[in-house]
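Asker: Pasted the sequence and its predicted model underneath.
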Amino acid sequence: MDTISLWQLAVLAAASTLVGFSKTAVSGANTISLAVFAAVLPARESTGVLLPILIAGDLLAVRVYRRHAHWPTLLRLFPAVAVGVVAGTLFMLWADDAAVRTSIGAILLFMTGVTLWRRRIAEQEAGEQKTEKEAETETGAGADSGGEGGAGGGTGRTAARGYGVLGGFTTMVANAGGPVMSLYLLSAGFRKLGFLGTSAWFFLIVNVSKVPFSVGLGLIDARSLLLDACLLLFVLPGAYLGRVCVDRINQKVFDRIVIGATVAGGLQLLLI
């Protein structure tokens, strides 16, 4: 890494604050942070600098939302994620900065398109089932389906494996697993708290497990940790702001922000 100027440090500090906000409020917004880090630092090296900052945000998110995780979903995802992490590690052995940016940006946009298509199909199916549910209610046969939300409906084990491998690959290559995980949880019908609690535990476990791989690849070293020491303090105010705002965000607005942030992050990675 070359010497960091004052304005670059300020931009990275703002991106670190956004990491905290994304961990406790809008998960997809984290793609903006990774795009900023990749723009200010060499894309490959930026992943090693960003990882400890993400772990700090994960710890804060787990502290706030630890009781809202859906563990069956997590256990279903982890084997596929492990495969993706190994694949991402192999990719990083030969990939240069341009390959990292292009690959991740393309994957994010593709996954956004797939999820929007899946959501549209789900809405059509929901409309067709509405009449049946109303009839069941009239006869007293309706059922309550409240709760945090879970990975049911059209998102089965095959979808979990696909999203898991992609999530593991993208999080290892560019810390960009957040959008893939966000899209999976949205397509699975998670509400805000279940979404945030499940994401918090998922990324704390996955990001900590990535540390040995990142050290082995030379992405984390003494110089990157020194920069992290200057940026970690900025994660806390972002996490606090996110916690204050999350209860005020409408569910539909929440979903749209996640999708929008994902698209923005993917485009930025492709255009940097």
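Answerer: Nice, thanks for sending it over. Residues are numbered from 1 along each chain as shown.

Asker: Around residue 78, how many other residues sit close by?
Answerer: 16 (other Cβ atoms under 10 Å). C-beta coordinates here come from the backbone N, C-alpha and C atoms, glycine included.

Asker: Quick one: list the elements packing against the helix or strand encompassing it.
Answerer: Using DSSP states H and E, residue 78 falls within helix 71-92. Helix 71-92 is packed against helix 157-174, helix 192-216, with contacts defined by 3 or more Cβ pairs under 8 Å, 6 or more residues apart in numbering; DSSP states H and E.

Asker: And the next helix or strand past that helix?
Answerer: Using DSSP H and E, the helix or strand that follows helix 71-92 towards the C-terminus is helix 97-138.

Asker: what about that next one, distance to the chain center?
Answerer: With Cα atoms, centre = their mean, to the nearest Å as the basis, helix 97-138 stands 17 Å off its chain's centre.

Asker: so it versus helix 71-92, what angle?
Answerer: 160 degrees (axes from the mean of the first three to the mean of the last three Cα atoms, to 10 degrees).

Asker: circling back to that earlier point, I'd like the distance from the helix holding residue 78 to the chain centre, please.
Answerer: The answer for helix 71-92 is 14 Å, by Cα atoms, centre = their mean.

Asker: export it as PDB, just CAs?
Answerer: Extracted in PDB, the C-alpha atoms of helix 71-92 (Å, rounded to 0.1, in the frame of the first residue of the first chain):
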ATOM      1  CA  TRP A  71     -30.300 -20.900  13.000                       C
ATOM      2  CA  PRO A  72     -31.900 -23.500  10.700                       C
ATOM      3  CA  THR A  73     -31.200 -21.200   7.900                       C
ATOM      4  CA  LEU A  74     -27.600 -20.600   9.000                       C
ATOM      5  CA  LEU A  75     -26.900 -24.300   9.300                       C
ATOM      6  CA  ARG A  76     -28.400 -24.900   5.900                       C
ATOM      7  CA  LEU A  77     -26.100 -22.300   4.400                       C
ATOM      8  CA  PHE A  78     -22.700 -22.900   6.000                       C
ATOM      9  CA  PRO A  79     -21.600 -26.100   4.100                       C
ATOM     10  CA  ALA A  80     -22.200 -24.300   0.700                       C
ATOM     11  CA  VAL A  81     -20.500 -21.200   2.000                       C
ATOM     12  CA  ALA A  82     -17.400 -23.200   2.900                       C
ATOM     13  CA  VAL A  83     -17.200 -24.400  -0.700                       C
ATOM     14  CA  GLY A  84     -17.500 -20.800  -1.900                       C
ATOM     15  CA  VAL A  85     -14.800 -19.600   0.400                       C
ATOM     16  CA  VAL A  86     -12.300 -22.200  -0.800                       C
ATOM     17  CA  ALA A  87     -13.200 -21.400  -4.400                       C
ATOM     18  CA  GLY A  88     -12.700 -17.700  -3.700                       C
ATOM     19  CA  THR A  89      -9.300 -18.400  -2.100                       C
ATOM     20  CA  LEU A  90      -8.200 -20.200  -5.200                       C
ATOM     21  CA  PHE A  91      -9.400 -17.300  -7.400                       C
ATOM     22  CA  MET A  92      -7.500 -14.800  -5.300                       C
END
